[in-house]
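S.K.: quick one: sequence plus predicted model below, questions after.
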Amino acid sequence: MTGAMTASSNPASFDLARYQDPLTIQRVLHNAKTIAVVGLSKNELRASYFVGYYLRRHGYRVIPVNPREAEILGERSFKNLVDVPVPVDVVNVFRAPEALPAIAEEAVEIHAGTIWCQFGVINEDAARLAETGGMSVIMDRCIKVEHARYVGRMHSLGFNTQRITSVRGGLQ
């Protein structure tokens, strides 16, 4: 995963675990209502589309942020976070790590509560910017996987073990 780190990040000193706290993740998932997905694609085969679709099916309002599209998942797509006309609880990022500092600045500007960076989207500078701006930061975690883990859509084996598996224990 060090290839995803930016040049200004020192992998040896960057504590990624602090941005993967289970209690923070659960709090965000249970309290959020509106999620802006930066990099949401209208291509149904892309992970961002699947995650956005999943979140919408589970009751969240999903706001696409993609300057190349007019509409995704039946919602108007916005060029950037600053153009979103409603309050945003979570900014979920499907972009390259290098794009994260600018996204974090916009997220702070709109007073979003949390910036959630998908698998491999790791940038220490962006994490600092968001925290300084009063935001929670979750990094290198998939919001769909964590929702499934903590809201009961996945076998309970994955709940507190920090492991995700499809293997179920049988009768002994």
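M.R.: Alright, I've got the coordinates.
S.K.: helices of the protein, residue ranges please.
M.R.: 22-31, 47-57, 100-109, 124-132, 143-151 (DSSP state H).
S.K.: pick out the shakiest of those, pLDDT-wise.
M.R.: Set side by side, these give their lowest mean pLDDT on helix 143-151, at a mean of 92.
S.K.: just the angle between that helix and helix 22-31, please?
M.R.: Inter-element angle recorded for helix 143-151 and helix 22-31: 90 degrees (by axes from the mean of the first three to the mean of the last three C-alpha atoms, to 10 degrees).
S.K.: in stretch 117-127, what's buried?
M.R.: 117, 118, 121, 122, 123, 124, 126, 127 (16 or more other C-beta atoms under 10 Å). Yep, even glycine has a C-beta here, placed from its N, CA and C like the rest.
S.K.: meant to ask about stretch 134-144
M.R.: Buried residues in stretch 134-144 (16+ other C-beta under 10 Å): 135, 136, 137, 138, 139, 140, 141, 142, 143, 144.
S.K.: looking at those residues, which are in strands?
M.R.: Secondary structure from DSSP state E places 136, 137, 138, 139 of the buried residues of stretch 134-144 in strands.
S.K.: gap between the last one and residue 76?
M.R.: Distance from residue 139 to residue 76, counting by C-beta to C-beta, to the nearest Å: 28 Å.
S.K.: got it, and residue 63?
M.R.: 8 Å.
S.K.: output the lowest mean pLDDT helix or strand found in the protein.
M.R.: Least confident helix or strand of the chain, by mean pLDDT, DSSP states H and E, is helix 143-151 with a mean of 92.
S.K.: how far off helix 47-57 does it point, in degrees?
M.R.: Using the same axes, to 10 degrees: helix 143-151 against helix 47-57 is 40 degrees.
S.K.: ok so, going back, between residue 63 and residue 76, which one's more packed in?
M.R.: residue 63 (25 against 13; other C-beta atoms under 10 Å).
S.K.: what count of nearby residues applies to the closest residue to the more buried one other than its chain neighbours?
M.R.: Among residues not flanking residue 63 along the chain, residue 36 sits closest, at 4.5 Å (C-beta to C-beta, 6 or more residues apart in numbering). Using other C-beta under 10 Å, residue 36 has 26 neighbouring residues.
S.K.: cool, and residue 15?
M.R.: Counted with other C-beta under 10 Å, residue 15 comes out at 9.
S.K.: the least confident helix or strand of the chain - contacts with which helices or strands?
M.R.: Using 3 or more C-beta pairs under 8 Å, 6 or more residues apart in numbering; DSSP states H and E, the elements in contact with helix 143-151 are helix 22-31, helix 47-57.
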